Each structure stands twice: as C-alpha cells, then as structure tokens.
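> What shape does this take:
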Amino acid sequence: SHIEDVSSDELKPHIASGGISATLDYDVIRDADAIIVALATPLTKQREPDLTIVLDAVRGVAPRLREGHLLVLESTTYPGTTRECVLPILEATGLKLGEDFFLAYSPERVDPGREDWTTRNVPKVVGGITEACTRRAAELYRGAVDEVIEVSSPEAAELAKLLENIFRSVNIALVNELAQLCERMGIDVWEVVDAAATKPFGFMSFKPGPGLGGHCIPIDPFYLTWKAREYGFYTEFIELAGKVNENMPYYCRSLISQALNHGKQRSLKGSKVLVLGVAYKSDIGDTRESPALKLMELLRNAGADVAYHDPHVPALNGERSVPLEPSNYDCVAIVTAHNGIDYDQLVEDAQLVVDFRNATGRNGSNNGKVWKL
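Now for the predicted structure:
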C-alpha cells in the first residue's frame with residue numbers, strides 16, 4: 001500500500017474482489033457513474049495557485065463524459081475554481097449541466113495518523129453548481145459517510161475548506177509568536193498554553209512548534225490571498241501568519257546556536273547536531289513541507305554536522321536515518337515528537353537537548369541541559 005494509514009493486508013481483499021483497481025486509462029471513466037478528482041494543488045515558485053494537475057485530469061475526463069455522469073472536485077482550492085475553471089471544460093462537450101451531467105465540490109477532510117476521526121465519521125461538506133448537482137453529490141457520499149452537510153454553492157464549500165486550514169495557520173502563528181516572547185521573558189510557553197486550556201469556554205488550545213508542515217496548512221491559505229487580490233482585497237492577517245510560521249525554522253536555528261553557546265561553550269559551526277524527527281507531524285512518514293528540512297538546511301549552512309533519526313522516515317534526500325545514539329552528538333534537536341521514543345532516557349544520554357515539541361515535558365528548562373521552545 002502507498003497509503004500509510006491503509007495497510008497492504010487491508011487493501012488486498014478489496015483488490016482481489018475488484019472493488020478497488022488502479023489504471024492510467026481514462027476510458028474506464030465511461031463505465032463509472034461518479035468521478036471524484038482529488039489531486040494536489042501546489043503553489044508555483046511565485047506562490048500562486050497551480051491547478052495544472054487538476055485541470056489536466058478534468059481535460060482527460062471531458063471526452064469521456066456521458067449523460068448521467070457526476071463529477072466532484074475534492075482538491076483544496078480557491079473559491080470559484082469549480083465554476084470558473086472546471087465547468088467550462090465540461091460544458092465544451094455540449095452536454096448540459098444539471099440535466100446531462102452534474103458537478104459539485106466537496107473538500108477532503110483527512111488528518112493522517114488519526115484513528116478516532118475517519119472518512120466515515122467526519123462530516124462531508126457538499127456544494128453543487130445547481131441544486132440538482134448538490135443532491136446528486138450528497139446521495140453519493142451518504143453511502144460512505146455518516147453525515148453530509150449541503151451548502152448553497154461550490155464557492156461556499158471551497159471557502160469552508162480554506163477557512164479550516166487558515167484557522168489553524170493563524171492560531172499556530174499566534175502561539176509561535178508568543179513562544180518567542182516567552183523565551184525573552186523567561187516564561188514557559190507550554191505551561192502558559194496548558195493553563196489557558198483549562199478554561200472550559202472561549203479558548204482552543206494550539207501548540208507552538210518549529211514551523212508548519214504537510215501539503216495543506218503551509219500552502220492553502222495562499223490560495224485565498226491570491227484570489228482576494230482579484231477583488232482588490234489584501235488579506236494581511238493571513239499573510240502575516242504565513243510570515244511568522246515560515247520564520248520559525250530560522251528562530252529554531254538561533255535557539256540551537258544559543259543553547260550550544262551557553263550549554264557547551266561551542267559555536268554552531270563544527271558542532272554535531274542530531275535532528276530527531278523529520279516527518280511533518282508525529283507518527284507518520286510524510287515529510288512534505290516539513291520544517292525539519294529547512295532547519296537541517298539552515299544548520300548545515302551555518303557549518304554544523306547534521307544527521308537525523310526518524311523511525312518513520314528511513315531515507316531522506318539521499319541520506320539514511322541514523323541509530324538513536326544521543327551521546328554521540330553535541331546537541332539533539334527534537335523537531336517531531338514521535339511516540340515510541342523514551343524521552344526521559346534521551347535526556348539522560350544526551351549532552352544537550354533542544355526541544356521544539358515539549359516532548360521532554362518538565363524534564364528541563366532553558367538554563368540547563370534541556371532547552372525548550
């Protein structure tokens with residue numbers, strides 16, 4: 001299986017029964033009743049939306065579109081994509097929307113590694129171009145999910161998905177900025193967040209960290225900032241959050257340098273640094289947009305001798321995960337806190353620990369062996 005959350009053993013019976021099959025042949029679409037397009041929506045080097053992959057797929061579908069077909073776009077994108085970009089390609093076939101074919105948008109909602117919230121029990125938002133399109137898409141998903149939320153348009157559904165991810169980006173930026181202030185004030189930001197989280201209303205807990213990762217949160221907000229400029233509107237709040245989060249690997253590098261200077265009277269140049277965890281979140285092997293990658297680059301540019309250990313990422317950009325032998329390094333930087341690692345033993349064995357995830361808990365402070373974000 002190429003999907004970490006789905007084992008090969010789970011997949012095999014569905015493949016054997018013909019329930020799941022993979023193909024590069026667009027012609028099989030003619031035999032399907034519904035087509036779901038769920039492809040990556042990255043940014044260009046100019047940080048503008050890149051819909052190339054999605055629209056190429058839709059162009060592949062169009063010549064095979066037939067009466068009765070339903071197409072649902074699930075890729076995260078800016079409001080208007082379904083109506084302005086996908087619909088014209090399908091209408092060029094001569095088939096009539098809402099009568100011959102149906103088109104809707106329904107954002108995917110997946111949290112990799114989670115077992116409590118799955119495809120089945122996460123509510124599914126659906127917005128069609130017409131009411132008939134919405135009904136047809138809702139009928140499709142009701143066969144697979146517990147609750148379908150119908151909205152008035154694909155634009156509402158597209159923006160709902162972006163809001164979900166922007167909400168996380170902005171709040172993570174807030175606590176990341178607070179973490180930097182707390183470091184100057186000599187206050188434990190983790191204690192502050194935990195204390196605030198005891199309020200039973202009006203507060204939602206977010207944790208600071210070395211930066212955003214994954215294929216959603218670091219990218220999706222900028223789909224909206226780009227679209228907003230089309231309306232002469234500048235989303236300064238969203239863009240500021242992006243800047244704060246993008247700066248975190250630089251701040252983390254400076255914190256490692258500071259810890260080495262004070263804790264070992266060493267400079268970053270020539271120091272051996274072990275980066276513990278390179279996946280973008282705990283207990284998965286996905287390194288897309290992981291802040292660990294930028295941090296490792298910055299450390300090497302500063303002259304550090306950098307290696308990494310990650311039980312979920314055996315190889316990365318031509319190098320291998322090394323054994324977890326903390327005593328061999330001047331500093332261990334905890335970038336991603338995977339379960340299954342004995343952090344108490346790590347602190348005991350390491351010469352110096354810089355913990356960006358509070359994995360060591362109260363096992364140290366910023367004036368001792370353990371430095372925390």
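> isn't there a strand covering Val354?
Yes. The assignment for Val354 by DSSP: H, G, I helix; E, B strand; the rest coil puts it in a strand.
> That one touches Val335, doesn't it?
No. Val354 is not in contact with Val335 according to C-beta atoms under 8 Å; the separation is 9.2 Å. The C-beta positions use only the backbone N, C-alpha and C, and glycine is treated the same way.
> Overlap of the contact sets of these two?
Common contact partners of Val354 and Val335 (C-beta atoms under 8 Å, 6 or more residues apart in numbering): Cys252.
> so which strand or helix has Leu181?
Taking DSSP states H and E as the definition, one finds Leu181 inside helix 154-185.
> buried stuff in that helix?
154-155, 157-162, 164-166, 168-170, 172-173, 175-180, 182-183 (16 or more other C-beta atoms under 10 Å).
> three-state assignment of the residue lying farthest from the centre of the chain?
Note on the chain: the largest C-alpha distance from the chain mean falls to Gly94, namely 38.3 Å (C-alpha atoms, centre = their mean). Classification of Gly94 using three-state DSSP returns coil.
> Can you check the pLDDT for it?
Predicted confidence (pLDDT) for Gly94: 97.
> Now do it against Ala62, distance only.
11 Å (C-beta to C-beta, to the nearest Å).
> and Ser365, what pLDDT?
Note on Ser365: pLDDT of 58.
> What of Glu325?
Glu325 is given a pLDDT of 98.
> got a list of contacts for stretch 185-201?
With C-beta under 8 Å, 6+ apart, stretch 185-201 has contacts from 175, 178-179, 182-183, 203, 205-208, 358, 365-366, 372-373.
> What is the nearest of these to Glu67?
Relative to Glu67, the closest of the contacts of stretch 185-201 is Phe206; by C-beta to C-beta it sits at 48.2 Å.
> For the stretch 101-250 of the chain, just list every one of the helices.
131-142, 154-185, 189-196, 221-229, 236-264 (DSSP state H, counting those that start in this stretch).
> so can I have TSV of the ones you listed showing mean pLDDT and distance to Leu274?
Formatted as TSV, the helices of the stretch 101-250 of the chain follow (pLDDT from 0 to 100; distance: least, C-beta to C-beta, whole Å):
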stretch	mean pLDDT	distance to Leu274
helix 131-142	98	45
helix 154-185	98	22
helix 189-196	97	22
helix 221-229	97	32
helix 236-264	96	11
